[in-house]
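K.L.:
structure here, sequence nowhere to be found:
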């Protein structure tokens, strides 16, 4: 068994020492035996990162960690943990604690964190556990920047969430949340907020105060509208909305009606560039021909008048837009290959009014 390895830290110039016992099927007894042996032949006090992920460690005694005086990163994910040492953050100067995919309940957490007001923890991952409500003890972690609580059974967020003023990332996807407190809008430094896969029907207007927000994931909820002021978030580059009633509503409202004979004739005249004298057609027809709009598909030279295809595309994780995009097309055949980033350029022979492609405002 490899006792420990060293690798280079991305943020520090000095060499970070790591003890990697991940994916070895270790029980706590086996772990104790190995650490006792290592303590005799090496300096565990120099170890900065301990990886114990994917083992069989259901509990972790305090004395197991007392050997590490300089421990900054501890990964205990996927172990079936049910309890933690009550003084975990007092034993080690941890900055990153990963506890995801275990069996931790709300009763497991306060004993570990409540007295850790002055610790330097920056990242805490409690995703994939058995939490039923927001762990109040976390609010004592004043220096926390990254908080992951996804894939639990949390039904509400503490109104005192505003106390985590250092928070950059808050992840609460995959829970049972039905509402978000207004105080979330007081997290001035928040850059990413994940609320997907919940039961949320309304977002508080205070979301618009998160001026540093770059990513807002809201897919798989029950949202029927968004706060109008959300469009003022200038730094927002990722807004995921799929599988919400507001998106379904846009899709259901799209209707397709066959064009009239008048429109079909007018399309042929414009697309074929038929030349006629003013006195050969009534003025009403000339006025009608001048209302032609360009198809939004840059590969199509077609036009439409009163009748058009209303097409909405939704881009979630891969594209530039994260909101529904309404496109006006001359035919359903133009749906394939539409380039949403290219706005149509009206030809000199057409009097197209307005822009044929616009973002749908969700207010």
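P.N.:
Here it is on my side, so go on. On a predicted model such as this, the values are computed, not experimentally measured, just so you know. Numbers count the residues shown, from 1 in each chain.

K.L.:
quick one: the strands in the stretch 251-363 of the chain, in order.
P.N.:
Here the stretch 251-363 of the chain has its strands, by DSSP state E, counting those that start in this stretch, at 293-294, 303-304, 309-313, 325-329, 357-359.

K.L.:
worst mean pLDDT among these?
P.N.:
Least confidently modelled of the strands of the stretch 251-363 of the chain is strand 357-359, at a mean of 30 by mean pLDDT.

K.L.:
in the lengthiest helix in the chain, which residues are buried?
P.N.:
Counting residues, the longest helix found in the chain (DSSP state H) is helix 28-41. For helix 28-41, a neighbour-count test (16 or more other C-beta atoms under 10 Å) marks 28, 31, 34-35, 38 as buried. Just so you know, the C-beta spots here come from the backbone N, C-alpha and C atoms, and that holds for glycine as well.

K.L.:
partners of the helix or strand just after that helix in the sheet?
P.N.:
Following helix 28-41 in sequence order, the next helix or strand is strand 49-51 (DSSP states H and E). Its sheet considered, strand 49-51 pairs with strand 15-20 (parallel), strand 73-75 (parallel) by DSSP bridges.

K.L.:
could you give the mean pLDDT of stretch 45-63?
P.N.:
92.

K.L.:
let me fix that: stretch 282-289
P.N.:
For stretch 282-289, mean pLDDT rounds to 91.

K.L.:
please identify the buried residues of it?
P.N.:
Buried-residue list, stretch 282-289, by 16+ other C-beta under 10 Å: 288-289.

K.L.:
same check on stretch 191-199?
P.N.:
191-198.

K.L.:
dump those residues into JSON lines; add secondary structure and pLDDT as well.
P.N.:
Listed next are those as JSON lines, based on DSSP: H, G, I helix; E, B strand; the rest coil; pLDDT from 0 to 100:
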{"residue": "191", "secondary structure": "coil", "pLDDT": "97"}
{"residue": "192", "secondary structure": "strand", "pLDDT": "97"}
{"residue": "193", "secondary structure": "strand", "pLDDT": "98"}
{"residue": "194", "secondary structure": "strand", "pLDDT": "97"}
{"residue": "195", "secondary structure": "coil", "pLDDT": "98"}
{"residue": "196", "secondary structure": "coil", "pLDDT": "96"}
{"residue": "197", "secondary structure": "coil", "pLDDT": "97"}
{"residue": "198", "secondary structure": "coil", "pLDDT": "98"}
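
K.L.:
which one of the residues you listed is nearest residue 52?
P.N.:
Nearest to residue 52 among the buried residues of stretch 191-199: residue 194, at 26.0 Å, using C-beta to C-beta.

K.L.:
in JSON lines: the buried residues of stretch 191-199, plus distance to residue 204.
P.N.:
JSON lines is the format used below for the buried residues of stretch 191-199 (distance: C-beta to C-beta, whole Å):
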{"residue": "191", "distance to residue 204": "18"}
{"residue": "192", "distance to residue 204": "17"}
{"residue": "193", "distance to residue 204": "12"}
{"residue": "194", "distance to residue 204": "16"}
{"residue": "195", "distance to residue 204": "11"}
{"residue": "196", "distance to residue 204": "17"}
{"residue": "197", "distance to residue 204": "19"}
{"residue": "198", "distance to residue 204": "14"}
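
K.L.:
lowest pLDDT pick from the buried residues of helix 28-41?
P.N.:
Lowest pLDDT among the buried residues of helix 28-41: residue 38, 86.

K.L.:
just checking, that residue touches residue 44?
P.N.:
Yes. Contact criterion C-beta atoms under 8 Å: residue 38 and residue 44 qualify, at 6.0 Å.

K.L.:
so for those two, which residues contact both of them?
P.N.:
Listed as contacting both residue 38 and residue 44 by C-beta atoms under 8 Å, 6 or more residues apart in numbering are residue 19.

K.L.:
where does the stretch 251-363 of the chain have low pLDDT?
P.N.:
Residue ranges of the stretch 251-363 of the chain with pLDDT under 70: 251-256, 312-326, 335-363.

K.L.:
out of the strands paired with strand 49-51, nearest to residue 64?
P.N.:
strand 73-75 (10.7 Å).

K.L.:
distance between the longest helix of the chain and the chain's centre?
P.N.:
41 Å (C-alpha atoms, centre = their mean, to the nearest Å).

K.L.:
try stretch 82-91
P.N.:
30 Å.

K.L.:
oh, and call the first residue 28 from now on, that's how I've got it
P.N.:
Understood, numbering begins at 28; the last thing we discussed is stretch 109-118.

K.L.:
tell me the spacing between the residue most central in space within the chain and residue 119.
P.N.:
Geometric centre of the chain, nearest residue: residue 244, 3.5 Å, by C-alpha atoms, centre = their mean. Counting by C-beta to C-beta, to the nearest Å, the gap from residue 244 to residue 119 is 32 Å.

K.L.:
who's in contact with the closest residue to residue 96 other than its chain neighbours?
P.N.:
Spatially, and ignoring its direct neighbours in sequence, residue 96 is nearest to residue 72 (4.5 Å; C-beta to C-beta, 6 or more residues apart in numbering). Under the criterion of C-beta under 8 Å, 6+ apart, the neighbours of residue 72 are 94-97.

K.L.:
tally of neighbours for residue 271?
P.N.:
22 (other C-beta atoms under 10 Å).
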